[in-house]
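Enquirer: Fold the following, please.
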Amino acid sequence: MTVTPPRRKNKTLFWISTILIVSAVAATVLLANNMRNLQSVAQRYHLTWFDHQEKVVPKFVASKPMAKLNRLEARVPSNFFKAAPSAPGAFVRTFRQTGESLCAKLEQSGVAVGRWEQSAPGATTFECTNAPVGAAEASDAPSLVVAARGTFSQVTDVRIKIVVPFTPAGMAVRDRFLSVVAMLIEQTRWLDLKASVASISRLENVAQPAFGAKLTFFHEYNNIRRCTLLLDLQSQTPQERLASAYFEKAKWFPLPPAELSR
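Expert: Down below sits the predicted model:
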């Protein structure tokens, strides 16, 4: 014969266990997240459970001051921002004659410089000169050597070297040299250079720049009877260099073909 336990005790134990489990879950939910859920319930039902708690003022941590950066000065030249003039700003000189015409004038003056031709095969420079090939530089014999150089269409400089010893032949070379200088001044139309002819005839050193051209005459340090004359184009100021580049046709862009411009 089996004995059945009383049912009342089983029901009581069941309900106590259920209440404990539900209470534990509810307490976990309400107390989680720093009791925010419990505070929400208290506010919902107007409960004063949390009124006595002091409000926590958030603490602000002062940020560290940034390191001071050293200043760097960037200096730009004042002329960097100046607009370049659109037109040349100075008068400049050029040789009026082409290389062919100047060489022809030298031939007429009795200096056999030959034709205006390339300095070397494939070279961009042209010249005419009466310099003998393989001549001794140190020779003291009377001589007059003329060389005109430049591009295909324009002369850029004329150089004359003379040796004029105190002999009748040397004086003849000097007179011939002065006549060539007078011819060059006349052909270039740079008549202000005549002021230097007297000093050149006395074999004195001369340097006369004017309007982008320069006449230079000097003798060797150890031999006053060996001299060189140089007549060339030298732009000294920025305005002269700008004007020279502006009128230098060799640097101009070529015109398009006629059929493209129609």
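Enquirer: From here on, just use CA atoms for contacts and neighbour counts.
Expert: Fine.
Enquirer: Give me the neighbour count for the nearest residue to residue 206 once chain neighbours are set aside.
Expert: Using CA to CA, 6 or more residues apart in numbering and skipping residues adjacent in sequence, the residue nearest residue 206 is residue 217, 4.9 Å away. Summarising burial for residue 217: neighbours were counted as other CA atoms under 10 Å, giving 22.
Enquirer: three-state assignment of residue 217?
Expert: With DSSP: H, G, I helix; E, B strand; the rest coil as the basis, residue 217 sits in strand.
Enquirer: was I right about it contacting residue 228?
Expert: Yes - assessed by CA atoms under 8 Å, residue 217 is found in contact with residue 228 at 5.7 Å.
Enquirer: From residue 184, how far off is residue 106?
Expert: Using CA to CA, to the nearest Å, we find residue 106 at a distance of 9 Å from residue 184.
Enquirer: whoops, residue 119 was the one
Expert: From residue 119 across to residue 184, the span is 22 Å (CA to CA).
Enquirer: The two: which has the busier surroundings?
Expert: Between residue 119 and residue 184, residue 184 has the larger neighbour count (other CA under 10 Å), namely 19 against 15.
Enquirer: That one: which element?
Expert: When elements are assigned from DSSP states H and E, residue 184 belongs to helix 168-188.
Enquirer: which residues in the stretch 151-262 of the chain form helices?
Expert: Here the stretch 151-262 of the chain has its helices, by DSSP state H, counting those that start in this stretch, at 168-188, 197-201, 238-246, 258-261.
Enquirer: export those helices to JSON lines and tack on distance to residue 146 and mean pLDDT?
Expert: Shown next, in JSON lines, are these (distance: least, CA to CA, whole Å; pLDDT from 0 to 100):
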{"stretch": "helix 168-188", "distance to residue 146": "9", "mean pLDDT": "92"}
{"stretch": "helix 197-201", "distance to residue 146": "16", "mean pLDDT": "92"}
{"stretch": "helix 238-246", "distance to residue 146": "25", "mean pLDDT": "66"}
{"stretch": "helix 258-261", "distance to residue 146": "42", "mean pLDDT": "65"}
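Enquirer: now those helices as JSON lines including distance to residue 224?
Expert: As requested, the helices of the stretch 151-262 of the chain are exported to JSON lines (distance: least, CA to CA, whole Å):
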{"stretch": "helix 168-188", "distance to residue 224": "13"}
{"stretch": "helix 197-201", "distance to residue 224": "12"}
{"stretch": "helix 238-246", "distance to residue 224": "34"}
{"stretch": "helix 258-261", "distance to residue 224": "58"}
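Enquirer: Which among those helices is found nearest to residue 15?
Expert: Of all the helices of the stretch 151-262 of the chain, it is helix 258-261 that lies closest to residue 15, at 107.0 Å by CA to CA.
Enquirer: So residue 140 versus residue 177, what's the distance?
Expert: As defined by CA to CA, residue 140 lies at a distance of 16 Å from residue 177.
Enquirer: do residue 257 as well
Expert: 47 Å.
Enquirer: One more: residue 162?
Expert: Computed as CA to CA, the residue 162 to residue 177 distance reads 8 Å.
Enquirer: who touches both of the two?
Expert: In terms of CA atoms under 8 Å, 6 or more residues apart in numbering, residue 162 and residue 177 are both contacted by the residues residue 144.
Enquirer: Just to check, residue 203 is in contact with residue 220?
Expert: No - taking contacts as CA under 8 Å, residue 203 lies outside contact range of residue 220: 10.7 Å.
Enquirer: which residues do these two both contact?
Expert: residue 227.
Enquirer: Those two - which one has more neighbours?
Expert: Just comparing residue 203 and residue 220: by other CA under 10 Å the higher neighbour count belongs to residue 203, 19 against 11.
Enquirer: and the more buried one, backbone torsions?
Expert: Backbone geometry at residue 203, expressed as degrees, to the nearest 10, gives phi 60, psi 40.
Enquirer: quick one: residue 217 from residue 101, how far?
Expert: As judged by CA to CA, residue 217 and residue 101 stand 24 Å apart.
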